[in-house]
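Novice: Pasting the sequence and the predicted coordinates here, then a few questions.
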Amino acid sequence: MIGPGAAGALSTIAAIAGLPPTAWLLIAAAGGLGLAIELVFYFRHRSSRHRRRWTERRAGRSQGGGR
Amino acid sequence: MSVSIWVLLPLIVYLAVLIALGVWSRAAGGSMEGYFVAGKRLPSWVIAFSTNATGESGWLLLGLTGMGYAVGIHALWVVLGEVLGVTLGWVLVARRFKAYTDRYGSITVPDFLEDRFGDTSRALRSAAVVIILSMVTTYCCAQLVASGKAFSSFLGVSYTTGVLIGTVVTMFYTAVGGFKAVAYSDVVQGVLMAVGLFVLPIVGFAAAGGWGAVMSSLEAVDPALLLPMGEHGVSWPGILSAASFAAIGLAFLGVPQLLVRFMSASDDREIVQGSLYSVLCILVFDFGAVFTGIAGRALFGGLGDPETVMPTMSHELFPAIFTGIFLVVVLGAIMSTIDSLLILASAAVVRDGLQKILGSTASDQALARWGRWTTFAVGAIALPFALAEVQVIFWFVLFAWSGLAAAFTPVVLLALFWKRTTRTGALVGMIGGFVTTIWWVLQLKARYYDLYEMIPGFLVGLLLTVVVSLATRPPAGAAAEMAEIDARLRAS
């Protein structure tokens, strides 16, 4: 026997399933495609900038080490 | 009709903020670079909100919500196209365009095109100015009409009063404060739009009984409202309708009013940061608008005009005090587009026309002053047309949007990425894309399932630019210049 929480969850799933899978696919594509491209772009640039800054700092420290 | 002070208060505060922004930005507009691109010193969050608020006019709040109401899930093709368009605009175009325009010292898109192709004949610049002025006046006029309608539908004041208030305030802060006032006011307007489009669908779905109840209600009205391909299903009309909706987003890759925002960023880092804000913002705008319409269909099934769904929901679901707030949200969408068009037209007249084509030797400061007067003049030209009340507002908006996009997007993309693009190719492609858009609307659209004119306009512009470029002599120095830009982008 399923409890009231599980019954509620099942009815939510049933409600969500009320929309055809192709409609969910369109919703996912509309929201996810652009966002995924953007996140790759954003984090790639951020990490390359961090790497460059770290390399510059290391180079500065090794120059300062001689003093 | 008497209007409560509580309804008027948000409107008064909003208009006062815009006027204050105009006065605050005045000092930045002493030179042409200051007046037309805010001295290229804008931070990421300003260019992000400014790009989205400019790209999305009153059409977002009235037109796209109406699409959600009329065709249901099928309207999500617009979201797909716009989100991809905005993303690719930032990811592919923004940094490269900024690098080129910084190298040339450009402050307008025709500046960039002329320098990129070494055009000394001024033909490319002249064609760009004619296209910008004709489309911008139309687009501006349509937005002024929308402003009058927003005032009359929300407050019950006369249409003429609405058009006049919208025009005078927008003309004032744009003319006085220049691009800086336009960009910062876009932030205020963009935030208002985002909040409005976040709250409306949530309240709408809650009022209709939740997700399941809305979907059941739509299915009972018409099962096609829940289908991605709409009433036509997977057939030529259905596919062309989906493609037409998605193609609206193509313009985000190259219309001049958005490219100017990329140019005005203070540096490359601001563009990377701004891209994230912009994509998140467009997701809220577009999903919010479509789902507002969908909730509205479940709640208010019998509306004669789907484009009244957003005002209807704000009247029926919120206390009267919120009427003023929602008017401000709609006005924000409209005015953020008008101000950008006014400044674009002003730059086309003063920088491109007066200084570069006619060869005016007036000082930089004098030309910036001319910019202010031209902004007033463009608004004054559009005003009588708007007062005459053009009926089909959004037809004009889409036509102007597609005309600008078909003329500029293919040429700008090829100029940025293909070193073999020539001056003649760019000129023929620009004129060809523009003419195709008009020809398609007037002669062919009805015969091809109402396929949106942006698609043939863009394709013809792209094809003509490539074919004519291959048939003409390759430009000298373009390859070395592109290699330098590539190296600079890799290093930044």
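Specialist: Arrived safely.
Novice: Residue 20: neighbour count?
Specialist: All of this refers to chain A. 14 (other Cβ atoms under 10 Å in any protein chain shown). Where C-beta positions appear, they are placed from N, C-alpha and C, glycine not excepted.
Novice: That was the other one, I meant chain B.
Specialist: Using other Cβ under 10 Å, residue B:20 has 14 neighbouring residues.
Novice: So it versus chain A, what's the distance?
Specialist: 33 Å (Cβ to the nearest Cβ, to the nearest Å).
Novice: Up against chain A, what does the stretch 101-250 of chain B have?
Specialist: Residues of the stretch 101-250 of chain B lying close to chain A by Cβ under 8 Å from any Cβ of the partner chain are B:210-212, B:215-216, B:219, B:226-228.
Novice: Out of these, flag the one nearest to chain A.
Specialist: residue B:212 (2.9 Å; Cβ to the nearest Cβ).
Novice: Pull out the buried positions in the host helix or strand of the closest one.
Specialist: Applying DSSP states H and E as the criterion places residue B:212 in helix B:211-221. The neighbour-count check on helix B:211-221 (16 or more other Cβ atoms under 10 Å in any protein chain shown) flags B:211-212, B:214-218 as buried.
Novice: Summarise which helices and strands it is packed against.
Specialist: Contact here means 3 or more Cβ pairs under 8 Å, 6 or more residues apart in numbering or on different chains; DSSP states H and E; on that basis helix B:211-221 packs against helix A:4-17, helix B:268-299.
Novice: worst average pLDDT in these?
Specialist: Of all the helices and strands packed on helix B:211-221, the minimum mean pLDDT falls on helix A:4-17 (a mean of 61).
Novice: list the helices and strands the helix or strand just after it packs on?
Specialist: Using DSSP H and E, the helix or strand that follows helix A:4-17 in sequence is helix A:21-64. Packing partners of helix A:21-64 (3+ Cβ pairs under 8 Å, 6+ apart): helix B:76-88, helix B:268-299.
Novice: ok, the closest residue to residue B:295 other than its chain neighbours - how many residues close by?
Specialist: Nearest non-adjacent residue to residue B:295, counting by Cβ to Cβ, 6 or more residues apart in numbering or on different chains: residue B:204, 3.0 Å away. Burial of residue B:204 is recorded as 26 neighbouring residues (other Cβ under 10 Å).
Novice: which element is residue B:204 on?
Specialist: Using DSSP H and E, the secondary-structure element containing residue B:204 is helix B:159-207.
Novice: now for that helix, which elements pack on it?
Specialist: helix B:5-24, helix B:32-37, helix B:44-55, helix B:123-155, helix B:268-299, helix B:309-317, helix B:322-347, helix B:364-387.
Novice: what's the closest of the ones you listed to residue B:189?
Specialist: Between residue B:189 and those, the tightest spacing by Cβ to Cβ is seen for helix B:322-347, at 3.4 Å.
Novice: now that closest one, how far from the centre of its chain.
Specialist: 11 Å (Cα atoms, centre = their mean, to the nearest Å).
Novice: which phi and psi does residue B:477 have?
Specialist: phi 80, psi -10 (degrees, to the nearest 10).
Novice: now it, nearest residue through space, not along the chain?
Specialist: Distances taken as Cβ to Cβ, 6+ apart place residue B:118 nearest to residue B:477, at 7.7 Å, with adjacent residues excluded.
Novice: any idea how far residue B:324 lies from chain A?
Specialist: 32 Å.
Novice: Please name the residues that touch that residue.
Specialist: For residue B:324, the contact set (Cβ atoms under 8 Å, 6 or more residues apart in numbering or on different chains) comprises B:6-11, B:154.
Novice: any idea how far it lies from residue A:37?
Specialist: 39 Å (Cβ to Cβ, to the nearest Å).
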